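Novice: show me the folded form of this:
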Amino acid sequence: MASALSPVPADSPEVVLSAVPELEREPSPRLLIGLLLVAALLPRLVVFPLNENLYGDAVARTELAERWLQAPHFIESFKDGALQFGPLHLYLVGAALTVLEREHAGRAVSLLFGVLSVVPLFALTRRFFGWRAGLWAGLGFSVWGMHLQFSTTAGSEAVALFFMLCVFALFAQALAENRFGPLFSAAVVLNLACALRYDAWMYIPLLAVMPLLWRRDKVAGVTMAVAFGLLCLPFPLLWMQGNELAHGDPLYPITYIDEFHRGWAASSGGGAMQWVLRAQGLGFWPAVALFTLTPGVALLGMAGMVRAWRERPETRWLVLAALLPAAYYTFRAAVRVDFIPLGRFTVTQVVLVLPFVALGFSSLARAWGERAGRAVAGGSVALAVVMPVALGISTFRVDGGWRDSLRPVSPTSTNPQPVMRVVRFLEAEVAEKGKALVLDSDDRYMDLQVGFFVGLPRERLVRLRWADFRQRVETERPEYLVRFDEGALTREPWVKLEGRVLTVGNVTYEELDGFSPPLHVYQRR
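Specialist: This is a model prediction of the structure:
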């Protein structure tokens, strides 16, 4: 018997096996997903008690869901109860209203889908770049400050993003495995996304054409493209039919939104101001990515996109899914100047930077060396945590200046303090004492915020926005009134403002002290 120290023959199986590197064992995907869910949930639980419904039409969506819940029905068009919003979100918030208070129902829906979004993001990233890349993408998502706000307020962005990430993950599976099942599922989920937000509609033609571009089997590519496109049509066609019958325009909600943005852009100023808007629109999407994902994470992800385009053709469709919609909106904002970009409009494109972060890091380490790469990675991680925390603290219940500009992308969302001061007074003096309120209308929609947070029933709230305003004021004579600087109330010919006295028809009110412009509170004489 040979000694244990005897040389092993060169052709021995032991030598052959020793030359094969041992594959790294992947941790349990369930364990990784569980860790990512916890990582996403914890920071959102921190800001959930602090945040308030403000941006993303959160208040309007909740009130529409309340109306729907009073008379549940299948919403068929803009005027059937959805207005310019997707009907699916109203159903979801309406369901939540059966078990939660109005202030928290929509926020809870956003929290649920916002946390769950790490699952399809991890699956998408893991398929292309491995579990480590998926883990880093999920961790980056967990501390993404802008999404912290979206997933703790009642807008539709967090819910819609969950469905879009599911679409991308299933579509990637369909292309990689050449299977119809995931393709069918991706189309079904995209129908749901289209029922939430209209910006999802552009992904129907965008994704449908992708199998034609890089598949060697052209017949299979055409089959997948046609099948996916047709399967994505049920909801859009149904919704277009309802709006055609109701308004004579199958795309009426989209037309309404476009006209709103066109008017907003036109009213923002001409001349030199128009060039400011062009410059803002030109750099808006990359600027939001750099600021909200934080510079280190965003730059690594962008570098990873460049490398993936060169070396990984199977990922090019995902790069285009991020770039082409951003290019379309940039063209409208910077060239046509008929669109005002907002941070929440960028969420579907910005999130697609995250799957490429690990690839960008490997490129950096290969070019600069392992030590420099680790230093950059450490700095990126620190910024990814510190920047959202600092921004959230800076904008929390502090108004004015740059804070108002950055609040829409901050982790914390709080209403202007003059508004909440009025709300607290009205809760104590009107809501709790069974009295009634007259509410002016405001071009900045602050009247919606006041009405929502005070929470008065319709029979005790008289809004200028409602058709029966004057009749109700003169017959019901509410005890309190809220007026806004530059509000519409004082433009009514039958309303007279003289110093601190406001006469509304045959009812006279006197202004109370203790409140800050642009809000003024009056009590009936």
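
Novice: what residues of the helix or strand Pro182 falls within count as buried?
Specialist: Take DSSP states H and E as the rule and Pro182 turns out to sit in helix 180-194. Neighbour-count burial for helix 180-194, counted by 16 or more other CB atoms under 10 Å, picks out 182-183, 185-194. The C-beta positions use only the backbone N, C-alpha and C, and glycine is treated the same way.

Novice: who are the packing partners of that helix?
Specialist: Using 3 or more CB pairs under 8 Å, 6 or more residues apart in numbering; DSSP states H and E, the elements in contact with helix 180-194 are helix 157-177, helix 203-208, helix 218-231, helix 234-247.

Novice: weakest of those in terms of mean pLDDT?
Specialist: Among the helices and strands packed on helix 180-194, helix 218-231 has the lowest mean pLDDT, at a mean of 93.

Novice: so which other helices or strands are in contact with it?
Specialist: Counting by 3+ CB pairs under 8 Å, 6+ apart, helix 218-231 packs on helix 157-177, helix 180-194, helix 203-208, helix 210-214.

Novice: got the CA coordinates for the third one in CSV?
Specialist: The one in question is helix 203-208. Only the C-alpha atoms of helix 203-208 are listed here, as CSV (Å, rounded to 0.1, in the frame of the first residue of the first chain):
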residue,chain,number,x,y,z
TYR,A,203,-43.9,49.3,-21.5
ILE,A,204,-46.3,47.2,-23.6
PRO,A,205,-44.7,48.1,-27.0
LEU,A,206,-41.3,48.5,-25.4
LEU,A,207,-41.1,45.0,-24.0
ALA,A,208,-43.0,43.4,-26.8
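
Novice: what lies in contact with that helix?
Specialist: Defining contact as CB atoms under 8 Å, 6 or more residues apart in numbering, one finds that helix 203-208 is touched by 164, 167, 171, 186, 190, 193-194, 225-226, 228-229, 232-233, 236, 317, 320-321, 324-325.

Novice: how about the second one?
Specialist: By CB under 8 Å, 6+ apart, the surrounding residues in contact with helix 180-194 are 86, 88, 160, 163-164, 166-167, 170-171, 173-174, 200-201, 203-204, 207, 224, 227-228, 231-232, 234-236, 239.

Novice: filter those down to the buried ones.
Specialist: For these, buried by 16+ other CB under 10 Å: 86, 88, 160, 163-164, 166-167, 170-171, 173-174, 200-201, 203-204, 207, 224, 227-228, 231-232, 235-236, 239.

Novice: hang on, Ser410 packs against Arg397?
Specialist: No - look at Ser410 against Arg397 with CB atoms under 8 Å: they stay out of range, at 11.5 Å.

Novice: who has more neighbours out of these two?
Specialist: Ser410 (25 against 13; other CB atoms under 10 Å).

Novice: return the residues in contact with the more buried one.
Specialist: 145-146, 149, 388, 391-392, 394-395.

Novice: what would the helices and strands packed on helix 180-194 look like in TSV with distance to Gly434?
Specialist: Formatted as TSV, those follow (distance: least, CB to CB, whole Å):
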stretch	distance to Gly434
helix 157-177	37
helix 203-208	50
helix 218-231	54
helix 234-247	39
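
Novice: which one, of the ones you listed, ends up nearest to Arg374?
Specialist: Among those, helix 157-177 comes nearest to Arg374, with 29.1 Å by CB to CB.

Novice: what's the distance between Ala174 and Glu486?
Specialist: For Ala174, the distance to Glu486 (CB to CB, to the nearest Å) stands at 53 Å.

Novice: nope, Trp264 is what I was after
Specialist: 17 Å.

Novice: distance between the ends of stretch 74-85?
Specialist: Stretch 74-85 has an end-to-end distance of 14 Å (criterion: CA to CA, to the nearest Å).

Novice: and that stretch, how far from the chain's centre?
Specialist: 20 Å (CA atoms, centre = their mean, to the nearest Å).

Novice: and for stretch 26-33?
Specialist: For stretch 26-33, the distance to the chain centre is 28 Å (CA atoms, centre = their mean).

Novice: pull out the buried positions in that stretch.
Specialist: 32-33.
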